[in-house]
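Asks: Any chance you could fold what I've pasted below:
(one chain, ligands or ions: 3)
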Amino acid sequence: MKYLGIETQKPKIAIFDFTSCEGCQLQLVNKEETLADFLAAVEVVNFREASSARSDDYDIAFIEGAVSRNDEVKRLTAIREKAKVLVALGTCACFGGVNKLKNEFEMKDINRDVYGKNPKETLWVRSVGEVVKVDLEIPGCPVSKNEVEAIVRHVILGAPFTFPVYPVCVECKQRFTSCLMEKGQLCLGPITRGGCNAPCSVGGTGCWGCRGPATDPNYDSFFAVTADRGFSKEDVAERMGFYGTFQEVQNR
Ligand code: SF4
Ligand code: SF4
Ligand code: SF4
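Replies: Ligands and ions are numbered 1, 2, ... in the order given. So this is what the prediction gives:
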(Lines give C-alpha, C1' and ligand atoms only; values in the text may rest on other atoms or scores of the structure.)
(Ligands and ions follow the chains in the order given, each with its own letter.)
Protein backbone atom coordinates (compact mmCIF):
# COMPACT_ATOMS: atom_id res chain seq x y z
CA MET A 1 0.00 0.00 0.00
CA LYS A 2 1.13 3.58 -0.68
CA TYR A 3 1.21 6.64 1.58
CA LEU A 4 2.28 9.99 0.02
CA GLY A 5 3.38 7.96 -3.00
CA ILE A 6 5.74 5.85 -0.91
CA GLU A 7 5.29 2.12 -0.67
CA THR A 8 4.78 1.18 2.96
CA GLN A 9 5.34 -2.18 4.56
CA LYS A 10 2.29 -4.12 5.63
CA PRO A 11 2.61 -4.85 9.31
CA LYS A 12 1.91 -8.39 10.38
CA ILE A 13 -0.95 -8.40 12.82
CA ALA A 14 -2.21 -11.12 15.13
CA ILE A 15 -5.43 -11.15 17.10
CA PHE A 16 -5.65 -13.30 20.20
CA ASP A 17 -8.63 -14.02 22.44
CA PHE A 18 -8.47 -14.51 26.19
CA THR A 19 -11.36 -14.47 28.71
CA SER A 20 -14.06 -12.80 26.63
CA CYS A 21 -17.20 -13.28 24.55
CA GLU A 22 -15.21 -12.71 21.31
CA GLY A 23 -17.59 -9.91 20.36
CA CYS A 24 -14.74 -7.47 19.76
CA GLN A 25 -13.16 -9.80 17.20
CA LEU A 26 -16.54 -10.09 15.57
CA GLN A 27 -16.69 -6.31 15.26
CA LEU A 28 -13.54 -6.39 13.14
CA VAL A 29 -15.11 -8.67 10.55
CA ASN A 30 -18.60 -7.19 10.81
CA LYS A 31 -18.11 -3.90 8.99
CA GLU A 32 -18.01 -5.34 5.51
CA GLU A 33 -17.75 -2.03 3.64
CA THR A 34 -14.22 -1.46 5.01
CA LEU A 35 -13.11 -5.04 5.58
CA ALA A 36 -11.30 -5.35 2.23
CA ASP A 37 -9.39 -2.07 2.86
CA PHE A 38 -8.50 -3.19 6.36
CA LEU A 39 -7.20 -6.53 5.12
CA ALA A 40 -5.27 -4.80 2.31
CA ALA A 41 -3.45 -2.56 4.82
CA VAL A 42 -2.22 -5.38 7.07
CA GLU A 43 -1.08 -8.95 6.82
CA VAL A 44 -3.17 -11.06 9.16
CA VAL A 45 -1.03 -13.90 10.48
CA ASN A 46 -3.21 -15.05 13.37
CA PHE A 47 -6.95 -14.43 13.78
CA ARG A 48 -8.75 -17.56 14.92
CA GLU A 49 -12.24 -16.19 14.32
CA ALA A 50 -11.60 -15.20 10.70
CA SER A 51 -8.55 -16.95 9.30
CA SER A 52 -6.81 -20.31 9.27
CA ALA A 53 -3.38 -18.57 9.19
CA ARG A 54 -1.22 -19.36 12.22
CA SER A 55 2.15 -17.74 12.77
CA ASP A 56 4.16 -16.52 15.72
CA ASP A 57 5.87 -13.88 13.58
CA TYR A 58 3.93 -10.60 14.04
CA ASP A 59 4.46 -6.89 14.60
CA ILE A 60 1.20 -5.87 16.25
CA ALA A 61 -0.71 -8.11 18.66
CA PHE A 62 -4.32 -7.26 19.48
CA ILE A 63 -5.41 -8.84 22.73
CA GLU A 64 -9.11 -9.39 23.30
CA GLY A 65 -10.29 -10.40 26.75
CA ALA A 66 -9.23 -10.34 30.36
CA VAL A 67 -6.82 -12.70 32.11
CA SER A 68 -8.36 -15.29 34.41
CA ARG A 69 -6.18 -18.44 34.23
CA ASN A 70 -2.52 -19.31 34.69
CA ASP A 71 -2.15 -20.59 31.12
CA GLU A 72 -3.42 -17.19 29.93
CA VAL A 73 -0.73 -15.42 31.96
CA LYS A 74 1.94 -17.57 30.28
CA ARG A 75 0.48 -17.12 26.79
CA LEU A 76 0.13 -13.36 27.21
CA THR A 77 3.68 -13.01 28.50
CA ALA A 78 4.98 -14.91 25.46
CA ILE A 79 2.95 -12.72 23.08
CA ARG A 80 4.31 -9.58 24.76
CA GLU A 81 7.85 -10.80 24.17
CA LYS A 82 7.20 -11.25 20.44
CA ALA A 83 5.04 -8.21 19.61
CA LYS A 84 6.52 -4.80 18.79
CA VAL A 85 3.19 -3.18 19.65
CA LEU A 86 0.60 -4.72 21.95
CA VAL A 87 -2.93 -3.35 21.81
CA ALA A 88 -5.64 -4.11 24.38
CA LEU A 89 -8.81 -4.58 22.32
CA GLY A 90 -12.09 -3.90 24.10
CA THR A 91 -13.27 -3.32 27.62
CA CYS A 92 -12.43 -6.83 28.86
CA ALA A 93 -8.80 -6.33 27.83
CA CYS A 94 -8.53 -2.69 28.95
CA PHE A 95 -10.34 -2.96 32.29
CA GLY A 96 -11.27 -6.59 32.95
CA GLY A 97 -14.85 -5.91 31.87
CA VAL A 98 -17.85 -7.90 33.05
CA ASN A 99 -15.48 -10.75 33.93
CA LYS A 100 -14.33 -8.74 36.93
CA LEU A 101 -17.76 -9.17 38.55
CA LYS A 102 -16.49 -12.63 39.46
CA ASN A 103 -13.94 -11.06 41.79
CA GLU A 104 -16.80 -10.11 44.13
CA PHE A 105 -17.64 -13.75 44.86
CA GLU A 106 -16.04 -16.68 46.66
CA MET A 107 -15.29 -18.86 43.64
CA LYS A 108 -14.57 -22.04 45.59
CA ASP A 109 -18.24 -22.58 46.45
CA ILE A 110 -19.50 -21.49 43.02
CA ASN A 111 -17.00 -23.73 41.26
CA ARG A 112 -18.18 -26.70 43.33
CA ASP A 113 -21.89 -25.90 42.77
CA VAL A 114 -21.46 -25.49 39.00
CA TYR A 115 -18.79 -28.05 38.10
CA GLY A 116 -19.19 -30.59 40.91
CA LYS A 117 -16.25 -32.96 40.94
CA ASN A 118 -14.57 -31.23 37.97
CA PRO A 119 -13.77 -27.74 39.27
CA LYS A 120 -12.22 -25.30 36.79
CA GLU A 121 -9.14 -23.26 37.45
CA THR A 122 -10.01 -19.59 37.81
CA LEU A 123 -7.89 -16.70 39.06
CA TRP A 124 -8.67 -13.21 40.29
CA VAL A 125 -9.57 -11.51 36.97
CA ARG A 126 -7.10 -8.89 35.70
CA SER A 127 -6.97 -6.56 32.73
CA VAL A 128 -4.19 -7.09 30.18
CA GLY A 129 -2.36 -4.04 31.54
CA GLU A 130 -2.30 -5.57 35.01
CA VAL A 131 -0.26 -8.48 33.63
CA VAL A 132 1.99 -7.05 30.86
CA LYS A 133 2.92 -3.66 29.41
CA VAL A 134 0.24 -2.35 27.02
CA ASP A 135 1.09 0.16 24.27
CA LEU A 136 -2.42 1.17 23.24
CA GLU A 137 -5.89 0.62 24.66
CA ILE A 138 -9.11 0.60 22.62
CA PRO A 139 -12.04 0.53 25.05
CA GLY A 140 -15.65 -0.41 24.29
CA CYS A 141 -17.94 -3.39 24.72
CA PRO A 142 -17.66 -4.07 21.90
CA VAL A 143 -14.98 -1.85 20.33
CA SER A 144 -15.94 0.63 17.63
CA LYS A 145 -14.60 -0.57 14.29
CA ASN A 146 -14.08 3.07 13.21
CA GLU A 147 -11.81 3.58 16.18
CA VAL A 148 -9.90 0.36 15.51
CA GLU A 149 -9.37 1.42 11.89
CA ALA A 150 -8.20 4.90 12.96
CA ILE A 151 -5.75 3.34 15.41
CA VAL A 152 -4.43 0.93 12.78
CA ARG A 153 -3.84 3.94 10.47
CA HIS A 154 -2.14 5.67 13.39
CA VAL A 155 0.18 2.72 14.04
CA ILE A 156 0.96 2.00 10.37
CA LEU A 157 1.13 5.50 8.91
CA GLY A 158 1.56 7.76 11.91
CA ALA A 159 -1.81 9.39 11.14
CA PRO A 160 -2.92 11.45 14.14
CA PHE A 161 -5.39 9.82 16.48
CA THR A 162 -6.94 10.95 19.74
CA PHE A 163 -9.88 9.58 21.65
CA PRO A 164 -12.77 11.99 22.21
CA VAL A 165 -12.28 13.92 25.44
CA TYR A 166 -15.99 14.65 25.84
CA PRO A 167 -18.51 12.38 27.56
CA VAL A 168 -21.26 10.26 26.00
CA CYS A 169 -23.82 13.00 26.79
CA VAL A 170 -22.41 15.13 23.94
CA GLU A 171 -23.16 12.45 21.34
CA CYS A 172 -26.50 11.65 22.98
CA LYS A 173 -27.57 15.29 22.62
CA GLN A 174 -26.19 15.46 19.07
CA ARG A 175 -28.68 12.69 18.31
CA PHE A 176 -31.53 14.77 19.78
CA THR A 177 -32.24 12.32 22.60
CA SER A 178 -34.33 13.31 25.60
CA CYS A 179 -32.24 12.75 28.70
CA LEU A 180 -33.08 9.46 30.40
CA MET A 181 -32.15 10.89 33.79
CA GLU A 182 -35.12 13.22 33.40
CA LYS A 183 -37.25 10.10 32.93
CA GLY A 184 -36.02 8.39 36.09
CA GLN A 185 -33.28 6.19 34.58
CA LEU A 186 -29.73 6.06 35.84
CA CYS A 187 -27.12 6.85 33.17
CA LEU A 188 -23.33 7.08 33.35
CA GLY A 189 -23.18 9.19 30.18
CA PRO A 190 -21.94 12.35 31.97
CA ILE A 191 -18.74 10.67 33.20
CA THR A 192 -18.09 8.16 30.37
CA ARG A 193 -15.80 8.70 27.37
CA GLY A 194 -17.68 9.45 24.14
CA GLY A 195 -16.90 7.86 20.79
CA CYS A 196 -19.56 5.15 20.72
CA ASN A 197 -22.26 7.54 19.43
CA ALA A 198 -24.41 6.82 22.49
CA PRO A 199 -26.23 3.70 21.24
CA CYS A 200 -27.49 2.75 24.71
CA SER A 201 -29.02 6.03 25.81
CA VAL A 202 -30.42 6.65 22.31
CA GLY A 203 -31.91 3.14 22.47
CA GLY A 204 -33.58 3.90 25.82
CA THR A 205 -31.14 2.25 28.24
CA GLY A 206 -28.86 4.34 30.40
CA CYS A 207 -25.13 4.15 29.72
CA TRP A 208 -23.23 1.53 31.74
CA GLY A 209 -19.83 3.13 31.22
CA CYS A 210 -18.21 0.47 29.03
CA ARG A 211 -15.73 2.95 27.53
CA GLY A 212 -14.38 4.06 30.88
CA PRO A 213 -14.02 7.57 32.26
CA ALA A 214 -14.16 10.64 30.01
CA THR A 215 -11.23 13.04 30.25
CA ASP A 216 -11.36 14.84 33.61
CA PRO A 217 -14.92 13.81 34.51
CA ASN A 218 -16.74 15.90 37.10
CA TYR A 219 -17.55 13.11 39.56
CA ASP A 220 -18.69 15.46 42.34
CA SER A 221 -21.27 17.03 40.08
CA PHE A 222 -22.36 13.60 38.77
CA PHE A 223 -22.84 12.23 42.29
CA ALA A 224 -24.76 15.37 43.29
CA VAL A 225 -27.04 15.10 40.23
CA THR A 226 -27.73 11.38 40.74
CA ALA A 227 -28.45 11.91 44.46
CA ASP A 228 -30.76 14.81 43.56
CA ARG A 229 -32.63 12.49 41.15
CA GLY A 230 -33.11 9.95 43.94
CA PHE A 231 -30.56 7.28 42.96
CA SER A 232 -28.91 5.63 45.95
CA LYS A 233 -25.13 5.53 46.35
CA GLU A 234 -25.36 1.73 46.12
CA ASP A 235 -27.18 1.85 42.76
CA VAL A 236 -24.61 4.27 41.35
CA ALA A 237 -21.69 2.22 42.71
CA GLU A 238 -23.15 -1.00 41.29
CA ARG A 239 -23.55 0.57 37.85
CA MET A 240 -20.04 2.03 37.93
CA GLY A 241 -18.62 -1.35 38.95
CA PHE A 242 -20.31 -3.37 36.23
CA TYR A 243 -17.51 -3.18 33.65
CA GLY A 244 -14.71 -2.48 36.12
CA THR A 245 -14.08 0.79 34.28
CA PHE A 246 -14.34 3.16 37.22
CA GLN A 247 -12.26 1.24 39.74
CA GLU A 248 -9.78 4.06 40.17
CA VAL A 249 -12.39 6.47 41.46
CA GLN A 250 -14.27 3.73 43.34
CA ASN A 251 -11.11 2.67 45.18
CA ARG A 252 -10.27 6.24 46.21
S1 SF4 B 1 -15.37 -6.09 25.58
FE2 SF4 B 1 -17.51 -6.83 25.41
S3 SF4 B 1 -17.75 -7.45 23.27
FE4 SF4 B 1 -15.52 -7.29 23.70
S5 SF4 B 1 -14.94 -9.36 24.29
FE6 SF4 B 1 -15.42 -8.25 26.18
S7 SF4 B 1 -17.60 -8.74 26.60
FE8 SF4 B 1 -17.18 -9.28 24.46
S1 SF4 C 1 -29.48 10.11 28.63
FE2 SF4 C 1 -27.48 9.80 29.58
S3 SF4 C 1 -26.02 10.19 27.94
FE4 SF4 C 1 -27.97 11.10 27.33
S5 SF4 C 1 -27.85 13.23 28.03
FE6 SF4 C 1 -28.89 12.05 29.63
S7 SF4 C 1 -27.24 11.49 31.06
FE8 SF4 C 1 -26.27 12.10 29.12
S1 SF4 D 1 -23.55 4.38 25.76
FE2 SF4 D 1 -22.20 3.80 27.45
S3 SF4 D 1 -22.50 1.59 27.76
FE4 SF4 D 1 -23.35 2.15 25.75
S5 SF4 D 1 -21.70 1.78 24.26
FE6 SF4 D 1 -21.55 3.93 24.88
S7 SF4 D 1 -20.12 3.95 26.62
FE8 SF4 D 1 -20.79 1.84 26.33
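Asks: what about residue 177, which helix or strand?
Replies: If you go by DSSP states H and E, residue 177 is not part of any helix or strand.
Asks: roughly how far apart are it and ligand 2?
Replies: 5 Å (C-beta to the nearest ligand atom, to the nearest Å). Every residue, glycine included, has its C-beta placed from N, CA and C.
Asks: How many residues are close by the closest residue to that residue other than its chain neighbours?
Replies: Nearest in space to residue 177, with sequence neighbours left out and distances taken as C-beta to C-beta, 6 or more residues apart in numbering, is residue 202 at 5.1 Å. Applying other C-beta atoms under 10 Å, we find 17 residues neighbouring residue 202.
Asks: what residues are up against the residue lying closest to residue 175 once chain neighbours are set aside?
Replies: Nearest non-adjacent residue to residue 175, counting by C-beta to C-beta, 6+ apart: residue 202, 5.1 Å away. Neighbour list for residue 202: 172, 175, 177 [criterion: C-beta atoms under 8 Å, 6 or more residues apart in numbering].
Asks: mind giving me JSON lines with the residues you listed and columns for pLDDT and neighbour count?
Replies: JSON lines is the format used below for the contacts of residue 202 (pLDDT from 0 to 100; neighbours: other C-beta atoms under 10 Å):
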{"residue": "172", "pLDDT": "98", "neighbour count": "24"}
{"residue": "175", "pLDDT": "97", "neighbour count": "11"}
{"residue": "177", "pLDDT": "94", "neighbour count": "16"}
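Asks: how's the chain carved up into domains?
Replies: Domains of the chain are assigned by automatic domain parsing as 2-157, 168-250.
Asks: May I have the predicted confidence score for the residue nearest to residue 175?
Replies: With respect to pLDDT, residue 202 scores 96.
Asks: Report the separation between it and residue 168.
Replies: Here residue 202 is placed at a distance of 10 Å from residue 168 (C-beta to C-beta, to the nearest Å).
Asks: for residue 39, same thing?
Replies: Residue 39 is 31 Å from residue 168, by C-beta to C-beta.
Asks: which of those two has more neighbours?
Replies: Set side by side, residue 39 and residue 168 show more neighbours around residue 168, with 30 against 17, by other C-beta under 10 Å.
Asks: Pop out the phi and psi values for that one.
Replies: phi -60, psi -30 (degrees, to the nearest 10).
Asks: confidence score at residue 147?
Replies: pLDDT, read off for residue 147, is 91.
Asks: mind checking which helix or strand it is in?
Replies: Assessed by DSSP H and E, residue 147 sits inside helix 145-157.
Asks: next one: that helix to chain centre, how far?
Replies: When distances are taken as C-alpha atoms, centre = their mean, to the nearest Å, helix 145-157 is centred 15 Å away from the chain's centroid.
Asks: What is it packed up against?
Replies: When contacts are defined as 3 or more C-beta pairs under 8 Å, 6 or more residues apart in numbering; DSSP states H and E, helix 145-157 packs onto helix 23-30, helix 32-41, strand 85-89, strand 136-138.
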